[in-house]
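Asks: From the sequence below, what's the structure:
(one chain, ligands or ions: 2)
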Amino acid sequence: MTKLSVNINKIATLRNSRGGNVPDVLKVAKDIESFGAQGITIHPRPDERHIRYQDARDLKSVVTTEFNIEGNPIQKFIDLVLEVQPTQVTLVPDSIDAITSNAGWDTITHKTFLKEVIATFKQNGIRTSIFVDADIKMVEGAAETGTDRIELYTESYAEAFSKGQTNGILPFIKAAEAATKSDLGINAGHDLSLENIKHFKENIPNLLEVSIGHALICESLYLGLENVVNMYLNKLR
Ligand SMILES: CC(=O)[C@@H](O)[C@H](O)COP(=O)(O)O
Ligand SMILES: NCC(=O)COP(=O)(O)O
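Replies: Numbers count the residues shown, from 1 in each chain. Ligands and ions are numbered 1, 2, ... in the order given. The predicted structure follows:
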């Protein structure tokens, strides 16, 4: 079964735009879970442009499904995750000023660092995942860090799919096969959408979780949040 983890960063973007608490991030998270999503994902960035560090603390007592916190493991982020104790932490190598996540880890160059960070989180009972490109060498490098899972960075797949190039899935099939061979769990995310999710799901073996945010929130503007969550769940069956 592939779990849907809804990334609520953009709910926080809307809330922050007016300075109050509308929409209420905690209420939306609870509602998304009641609609059937199996997880909530957040990505508190150092500039707190959307999800704030306090949101992570507040969501801990609200989220009853799987709670996934994504981010670059700077010390402030590591401290937050150890304090909040989510179900899963996903390490993402994005720079502070990046408009969004735009690369997977070089798990070979950063192996020593990643091993240390992964060990810290695992010692605290937090499941770990590393954001990687669909590159067999990076997947094999991830396995050497001791991580529980990888998250396949799916922007290149989504871009190819939007141009009608369904062969964009091929590197992801190979990467997923390499992950399974290395006993790594497989997550995926970034730019997945109602348009491209079914093709991805049908072709990627052992896909445990997809985390979807930007497209899902945008689609919900027209189709409604409960309806869109259920549309994703139906496509993931
Ligand atoms: C790693 C990734 O692709 C997403 O988790 C990320 O959260 C998107 O960040 P923004 O919502 O800031 O674009
Ligand atoms: N890890 C991917 C994620 O959480 C959401 O990415 P996106 O759907 O907002 O591109």
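
Asks: Could you find the closest non-adjacent residue to G36?
Replies: Nearest residue to G36, sequence neighbours excluded (Cβ to Cβ, 6 or more residues apart in numbering): L233, at 5.3 Å. In short, each C-beta sits where N, CA and C put it, glycine included.

Asks: cool, and F172?
Replies: With Cβ to Cβ, 6+ apart, the residue lying closest to F172 is A134, at 4.5 Å.

Asks: Helix or strand: which one has that neighbour?
Replies: Using DSSP states H and E, A134 sits within no helix or strand.

Asks: likewise D183?
Replies: Applying DSSP H and E, one finds D183 in no helix or strand.

Asks: What does it show for phi and psi?
Replies: Dihedral pair for D183: phi 60, psi 30, per degrees, to the nearest 10.

Asks: do you know how far it is from T41?
Replies: 23 Å (Cβ to Cβ, to the nearest Å).

Asks: what's the strand or helix carrying F77 in contact with?
Replies: Using DSSP H and E, F77 maps to helix 75-84. If you take Cβ atoms under 8 Å, 6 or more residues apart in numbering as the criterion, helix 75-84 is touched by 44, 46, 53, 56-57, 60, 67, 69, 71, 89, 117, 120-121, 124, 126.

Asks: Stretch 99-109 now?
Replies: Here stretch 99-109 has contacts from 43, 70, 91-94, 114, 130-133, 135, 137-139, 141-142, 144-145, 153, 155, 190, 214, using Cβ under 8 Å, 6+ apart.

Asks: Do I have it right that V117 meets P73?
Replies: Yes: V117 is within contact range of P73, at 4.8 Å (criterion: Cβ atoms under 8 Å).

Asks: For those two, indicate the residue with more neighbours.
Replies: V117 (22 against 19; other Cβ atoms under 10 Å).

Asks: Report the contact partners of the more buried one.
Replies: Applying Cβ under 8 Å, 6+ apart, the residues near V117 are 73, 78, 91.

Asks: and of the residues you listed, the nearest to ligand 1?
Replies: L91 (9.6 Å; Cβ to the nearest ligand atom).

Asks: For the closest one, which residues count as its bridge partners?
Replies: The partner list for L91 in beta bridges (DSSP bridges) reads G71, I130.

Asks: measure it to ligand 2 for me?
Replies: In this view, L91 and ligand 2 are 11 Å apart by Cβ to the nearest ligand atom, to the nearest Å.

Asks: isn't that residue right next to V132, touching?
Replies: No: between L91 and V132 there is no contact under Cβ under 8 Å: 9.7 Å.

Asks: burial of E116, as a residue count?
Replies: Around E116 there are 12 residues (other Cβ under 10 Å).

Asks: next one: the helix or strand harbouring it to chain centre, how far?
Replies: In the assignment (DSSP H and E), E116 maps to helix 111-123. Put simply, helix 111-123 sits 19 Å off its chain's centre (Cα atoms, centre = their mean, to the nearest Å).

Asks: got it, and stretch 145-153?
Replies: The answer for stretch 145-153 is 11 Å, by Cα atoms, centre = their mean.

Asks: Can you flag the buried ones in the contacts of stretch 99-109?
Replies: The neighbour-count test (16 or more other Cβ atoms under 10 Å) marks 43, 70, 91-94, 114, 130-133, 135, 138-139, 141-142, 145, 153, 155, 190, 214 as buried among these.
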